[in-house]
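J.: Next comes the sequence, and after it the predicted model I'd like to discuss.
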Amino acid sequence: MSVFPLSFSDLAGSLERMNRVDPGRSSAFRARLKNLQRLQFPPGVNTGKGRPAEYGVEQAGLLAIAIELLQLGLTPERATGLLLVALKVVVHEIRVVCVSDNVLTVWRQPALMYLDPEALVEFTARGSRRKDAHPAQITFGAAFDLSRFWKRRPNMPPRLAVVDVSRLILNLIKAVAAELSSTEIDVAAEMHSWGKAGWQQ
């Protein structure tokens, strides 16, 4: 029996496990997820009139990353805006992690997502222009020496947020398996198949 696509309830339950949501606060957390849905995020959710939402591997991964950005303090609009601008590279990185043979382990050299949150962008001249409100500020790479990083970029703001996408996908696999009473191997296998299919398109 296939794990994906996930229903909203199954994905919400999985994300609650990942983020250690108190059962008494489940309704409030799910309202946050519904707000992201109203912002049409993640794109590609299989919905229709009178039809419940369905989340594939791509959408589940994107929503898990969006929640991490909310954990960093970004507004839903800012978090989804950043991810939509960099959508292709973010999906590519999710795919890279899913097809890795190390997906069920904590990577020695994880895939890290770096971004400047710039949560107050609306107060800048650039941010006041709607089309420039969410510039492409997301990059991926391995761990590096931060002091050397900033030395080479003297004009960069003195802040940087990091999300370990490898660990995030591992946590998503564990949470989905627990939520659906499946096995981590089965969940990882479906995610691997999705990732591999993307390379063949």
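T.: Good, I have the coordinates. It should be emphasised that the depicted structure is a prediction, and the values quoted were computed from it without experimental measurement.
J.: Give me the next element, helix or strand, following the worst-scoring helix or strand of the chain on mean pLDDT.
T.: Taking mean pLDDT, DSSP states H and E as the measure, the chain has helix 146-151 as its least confident helix or strand, at a mean of 73. Once the chain leaves helix 146-151, the next helix or strand it forms, by DSSP states H and E, is strand 161-164.
J.: now that next one, how far from the centre of its chain.
T.: Distance of strand 161-164 from its chain centroid, counting by CA atoms, centre = their mean, to the nearest Å, is 11 Å.
J.: List the residues that contact the closest residue to residue 94 other than its chain neighbours.
T.: The spatially closest residue to residue 94, leaving aside those adjacent along the chain, is residue 61, at 4.1 Å (CB to CB, 6 or more residues apart in numbering). Using the backbone N, CA and C atoms, a C-beta is placed for each residue, glycine as well. Neighbouring residues of residue 61 by CB atoms under 8 Å, 6 or more residues apart in numbering: 91, 94, 98, 168, 169, 172.
J.: and stretch 166-184, which residues are buried?
T.: When neighbours are counted by 16 or more other CB atoms under 10 Å, the buried residues of stretch 166-184 are found to be 166, 168-177, 179-180, 182, 184.
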